[in-house]
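Colleague: Got a predicted model here, sequence first, then my questions.
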Amino acid sequence: MSDTDPLTGEPLALDLVNTRPLSEHGRTDLLGTPEQLAAWLAMEPDLHAEVRDAEPIAADVAPVHAVRANVDAVLRALLTGVRPPKAALRGLTDAQRAAPATRELDWDGTAVTATTRRGGRLGVRLAARLAEAAADLLTDPGIKNLRQCEADDCVMLFLPAHPRRRWCSPTRCGNRARVARYYQRHKPVSA
Ligand SMILES: [Zn+2]
């Protein structure tokens, strides 16, 4: 895994906001193009039912960015203990309303089946699904444990499974921090 790969494995809505890491050139966008969006979708099994066989096009990127900006605004507010922006909360509600989920009933020969489906363009469906994931995350009591990675140059957010977790990823920031501490300790003493 390289530093330019999206970080995954947190709740879906956190994985989404973590697609804008800090690099030496400022914040990069790992969902900047339809191709990048497609690569991220392939890494997120929870979204596969929404994607089905659709290929993202340019118009699908903006609705996903809008949801990401709104989730980010709410999470940063929660991290600093201030009231989340009303517009961000409304945006997440509206994104769901734009492509409501319906449970489509069918018969598979022996039993009734229900498949959750949304209508509309891929970007709008994804935005609705991601906003729903955000609603689950933001209302979960565990959100009070939300943390930002302790590395100086990292803005990744995570929910620690154990209270001592300090890094978004031990292989990224954990290692870099260990190396930095090593050099700090072994700095040549100037005369
Ligand atoms: Zn980090």
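Modeller: Done, it's in. Numbers count the residues shown, from 1 in each chain.
Colleague: what does this structure put close to the ion?
Modeller: 149, 151, 154, 156, 168, 173 (C-beta under 5 Å from the ion). Backbone N, C-alpha and C define where each C-beta goes, glycine included.
Colleague: Look up the closest residue to the second one, ignoring the ones flanking it.
Modeller: What sits nearest to Ala151 in space, not counting adjacent residues and going by C-beta to C-beta, 6 or more residues apart in numbering, is Cys173, at 3.8 Å.
Colleague: before we move on, what about the fourth one?
Modeller: Here the nearest residue to Met156 in space, its sequence neighbours aside, is Cys168; by C-beta to C-beta, 6+ apart that works out to 3.5 Å.
Colleague: what do you get for the first one?
Modeller: Sequence neighbours aside, Cys168 is the residue nearest to Cys149 in space, at 4.0 Å (criterion: C-beta to C-beta, 6+ apart).
Colleague: Helix, strand, or coil at the residue nearest to Ala151?
Modeller: Here Cys173 is helix, with the state taken from DSSP: H, G, I helix; E, B strand; the rest coil.
Colleague: Just to check, it is in contact with Val155?
Modeller: No. The criterion here is C-beta atoms under 8 Å, and Cys173 misses it with Val155 at 10.8 Å.
Colleague: more crowded one of these two?
Modeller: Cys173 (20 against 16; other C-beta atoms under 10 Å).
Colleague: Longest helix in this structure, please.
Modeller: In the chain, taking DSSP state H as the definition, the longest helix is helix 58-80.
Colleague: can you give me the angle whatever helix or strand comes next after it makes with helix 58-80?
Modeller: The C-terminal neighbour of helix 58-80 among helices and strands, as given by DSSP states H and E, is helix 86-97. Counting by axes from the mean of the first three to the mean of the last three C-alpha atoms, to 10 degrees, helix 86-97 lies at 140 degrees to helix 58-80.
Colleague: what mean pLDDT does helix 86-97 have?
Modeller: When pLDDT is averaged over helix 86-97, the result is 98.
Colleague: how far does that helix sit from the chain's center?
Modeller: Offset of helix 86-97 from its chain centre (C-alpha atoms, centre = their mean, to the nearest Å): 16 Å.
Colleague: How about stretch 10-30?
Modeller: 7 Å.
Colleague: How about stretch 42-59?
Modeller: The answer for stretch 42-59 is 14 Å, by C-alpha atoms, centre = their mean.
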